[in-house]
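K.L.:
fold the following for me, if possible:
(one chain, ligands or ions: 1)
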Amino acid sequence: MSTLVALNPKAAEFTSKPLKMMIGGKWVEAVSGKRTEIRNPADGSVITTAAEADKEDVDAAVRAARKAFEEGPWSRMKPNQRAKLMLKLADLIEENGEQLAHLDTLDYGQPLSTTLGFAGAAADNFRYYAGWATKLTGETHTSSIPGEVFNYTRREPLGVCAGIVPWNAPLMNAVMKITAPLAVGNTVIIKPSEETPISLLRLAELVQEAGFPDGVVNIITGHGSTAGDALASHPDVDKVAFTGSTAVGKKIIQNSAVNIKKVTLELGGKSAHVIFADADYEQALQNASNAVFWNSGQVCFAGSRLFVEKGIYDNFLSDLVEYSKHYKVGNGLDESSVIGPLISAKQKKRVLNYLDIGQREGAEMLIGGEATEADLRDGYFVKPTVMANVNNDMTIAQEEIFGPVVSAIPFEGEDEVIRLANQTEYGLGGGICTTNLKKAHKVAHGMNTGNVWVNTYNITEPNSPFGGYKQSGLGRENGAASIDAYTEVKNIWIDLN
Ligand SMILES: NC(=O)c1ccc[n+]([C@@H]2O[C@H](COP(=O)([O-])OP(=O)(O)OC[C@H]3O[C@@H](n4cnc5c(N)ncnc54)[C@H](O)[C@@H]3O)[C@@H](O)[C@H]2O)c1
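P.N.:
The predicted model follows:
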């Protein structure tokens with residue numbers, strides 16, 4: 001049986017009422033009056049309800065964001081004032097970190113250790129991009145035109161920027177779509193996943209408390225096929241940044257054609273994690289499991305294809321099975337839990353279906369599957385699962401499962417593993433465990449992925465570009481790359497003669 005910590009009183013209070021959206025600085029219901037139930041994935045209970053936006057609500061949010069961009073004090077605000085507001089908000093996020101973490105744990109199920117980490121990272125991300133506000137520069141260029149011509153560039157904000165985000169790290173995914181655009185003077189409209197709007201709506205209150213002008217940050221809640229679609233296809237939205245599945249990413253590209261929106265996509269993955277026989281064995285075991293079981297495997301760059309060198313394959317897998325038994329599966333409010341539930345009954349069914357498909361195609365489930373203990377039965381729990389005898393062509397090695405499931409594949413030598421690692425439509429992450437740095441560089445260079453971790457995994461930082469090759473995405477987030485992604489560059493020539 002699990003012992004749960006008491007829900008943070010401010011988190012309990014926040015969820016005790018139906019949630020509204022924030023448009024133009026006002027807390028509003030959807031025009032239709034419709035509401036969506038928000039469930040706790042640890043026990044299936046309804047936490048609260050959220051307003052269910054449709055096209056008219058999206059139109060209102062776009063009007064508010066456009067007004068704030070064109071007319072409001074925001075567009076005239078000096079960079080140091082924008083930075084000051086962002087730093088104030090970072091402090092408020094930190095002060096309310098426990099509440100935000102409890103809201104995320106309630107809403108998407110993961111342990112407090114994870115959600116507290118995300119709340120801290122959210123504050124850090126605001127601080128990092130607050131620094132950029134005062135550091136935007138242009139360039140001057142030499143000119144070969146006869147006479148005196150002065151040629152320079154300046155950076156300008158794009159305008160109204162939409163962010164559409166998934167449920168697997170609700171606060172953090174949203175924050176990454178707010179910080180960089182605000183630093184350079186855009187206004188934003190964010191749509192969280194219909195499953196997990198709670199922490200972002202609390203963040204919206206903090207945005208107001210920090211003193212941002214109305215309409216600079218707008219939050220609409222609702223479903224992807226209605227509100228999300230209306231936002232991505234809106235002719236007065238200048239940019240859409242999307243994190244989610246590759247299938248929806250393709251629709252976003254199609255919809256963006258309406259007014260040639262700028263687009264950034266962070267999509268799915270099927271990342272290869274390569275364990276060489278010369279690796280530090282204990283460290284490799286720890287990395288291999290953290291890479292795929294953390295956040296219950298609901299991570300776009302999860303190391304879900306585990307390539308283990310033939311000489312150590314059998315031993316490594318039996319030790320991985322033992323290792324995975326130490327991960328306590330349970331309610332995220334139980335401080336001993338390491339693995340929380342999946343987001344929904346639908347997602348649990350989908351993950352369990354992949355385990356069936358894998359076994360039908362010849363893989364062997366060494367450990368894992370549905371959690372059937374009495375206190376977990378109502379929630380959407382799947383245990384850490386190790387699938388052996390997998391080959392790279394099987395469905396479970398090619399399709400993104402988005403659960404705590406690792407497919408282990410034997411390999412022989414660097415060239416073979418580079419070839420196998422790249423045999424996927426995705427290209428988001430990759431991991432390598434070896435004590436031979438020459439080998440590490442060779443394999444890292446050979447992998448067609450946006451991120452590679454050597455003897456570590458799961459690291460991302462606000463100052464370092466993150467994104468995918470192939471069907472894992474378009475563009476980069478974090479670091480200077482996000483500043484580029486949220487600015488236009490204007491080129492100006494002046495005849496000085
Ligand atoms: N690359 C990354 O940085 C990253 C990070 C986290 C998650 N992901 C990916 O996200 C996926 C899991 O999340 P999900 O199931 O919520 O993804 P999803 O694509 O179903 O939904 C993501 C968001 O898009 C919205 N949406 C759905 N249909 C839409 C449409 N037609 N138009 C506009 N918006 C629409 C949803 O409401 C949600 O807010 C996985 O594939 C995972 O790999 C990627």
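K.L.:
what residues does the stretch 151-300 of the chain put near the ligand?
P.N.:
Applying C-beta under 6 Å from any ligand atom, we find that the stretch 151-300 of the chain lies next to the ligand at 164-168, 191, 193-194, 223-225, 228-229, 232, 243-245, 248, 251, 266-269, 300. No exception for glycine: its C-beta is placed from N, CA and C like everyone else's.
K.L.:
ok, whatever residue of the stretch 51-200 of the chain ends up closest to the ligand to Gly467 distance?
P.N.:
The minimum distance from the stretch 51-200 of the chain to the ligand, using C-beta to the nearest ligand atom, falls at Pro166 (3.1 Å). Here Pro166 is placed at a distance of 15 Å from Gly467 (C-beta to C-beta, to the nearest Å).
K.L.:
same question, Arg202
P.N.:
According to C-beta to C-beta, Arg202 and Gly467 sit 28 Å apart.
K.L.:
okay, domains of the chain per the record?
P.N.:
Listed by automatic domain parsing, the domain ranges of the chain are 9-267+472-492, 272-467.
K.L.:
can I get the ones you listed in CSV including mean neighbour count and mean pLDDT?
P.N.:
Converted to CSV, the domains of the chain look like this (neighbours: other C-beta atoms under 10 Å; pLDDT from 0 to 100):
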stretch, mean neighbour count, mean pLDDT
domain 9-267+472-492, 20, 98
domain 272-467, 20, 97
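K.L.:
centre of the chain to stretch 98-108, how far?
P.N.:
16 Å (C-alpha atoms, centre = their mean, to the nearest Å).
K.L.:
now do stretch 455-468
P.N.:
Remark: stretch 455-468 is offset 12 Å from the chain centroid, using C-alpha atoms, centre = their mean.
K.L.:
stretch 98-115 too?
P.N.:
15 Å.
K.L.:
mind saving the C-alpha coords of it as PDB?
P.N.:
What follows is stretch 98-115, C-alpha atoms only, in PDB (Å, rounded to 0.1, in the frame of the first residue of the first chain):
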ATOM      1  CA  GLU A  98       5.700  23.200  -4.900                       C
ATOM      2  CA  GLN A  99       2.100  24.100  -5.900                       C
ATOM      3  CA  LEU A 100       3.000  23.800  -9.600                       C
ATOM      4  CA  ALA A 101       4.700  20.500  -9.000                       C
ATOM      5  CA  HIS A 102       1.700  19.100  -7.100                       C
ATOM      6  CA  LEU A 103      -0.600  20.300  -9.900                       C
ATOM      7  CA  ASP A 104       1.500  18.500 -12.500                       C
ATOM      8  CA  THR A 105       1.700  15.300 -10.400                       C
ATOM      9  CA  LEU A 106      -2.100  15.400  -9.900                       C
ATOM     10  CA  ASP A 107      -2.700  16.000 -13.600                       C
ATOM     11  CA  TYR A 108      -0.200  13.800 -15.400                       C
ATOM     12  CA  GLY A 109       0.800  11.400 -12.600                       C
ATOM     13  CA  GLN A 110       4.600  11.500 -12.400                       C
ATOM     14  CA  PRO A 111       6.400  11.600  -9.100                       C
ATOM     15  CA  LEU A 112       7.000  14.800  -7.200                       C
ATOM     16  CA  SER A 113      10.700  14.400  -7.700                       C
ATOM     17  CA  THR A 114      10.200  14.800 -11.500                       C
ATOM     18  CA  THR A 115       7.600  17.600 -11.300                       C
END
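K.L.:
the residue sitting nearest the centre point of the chain: what secondary structure?
P.N.:
In the chain, the residue lying closest to the centroid (C-alpha atoms, centre = their mean) is Asn173, at 4.1 Å. Reduced to three states with DSSP: H, G, I helix; E, B strand; the rest coil, the structure at Asn173 is helix.
K.L.:
do the same with Thr36
P.N.:
From three-state DSSP, the assignment for Thr36 is strand.
K.L.:
for Gln286, see how far away it is.
P.N.:
Noted for Thr36: a distance of 39 Å to Gln286, by C-beta to C-beta.
K.L.:
what's the end-to-end length of stretch 10-26?
P.N.:
Start to finish, the residues bounding stretch 10-26 are 21 Å apart (C-alpha to C-alpha, to the nearest Å).
K.L.:
no wait, stretch 30-40
P.N.:
End-to-end distance for stretch 30-40, by C-alpha to C-alpha: 23 Å.
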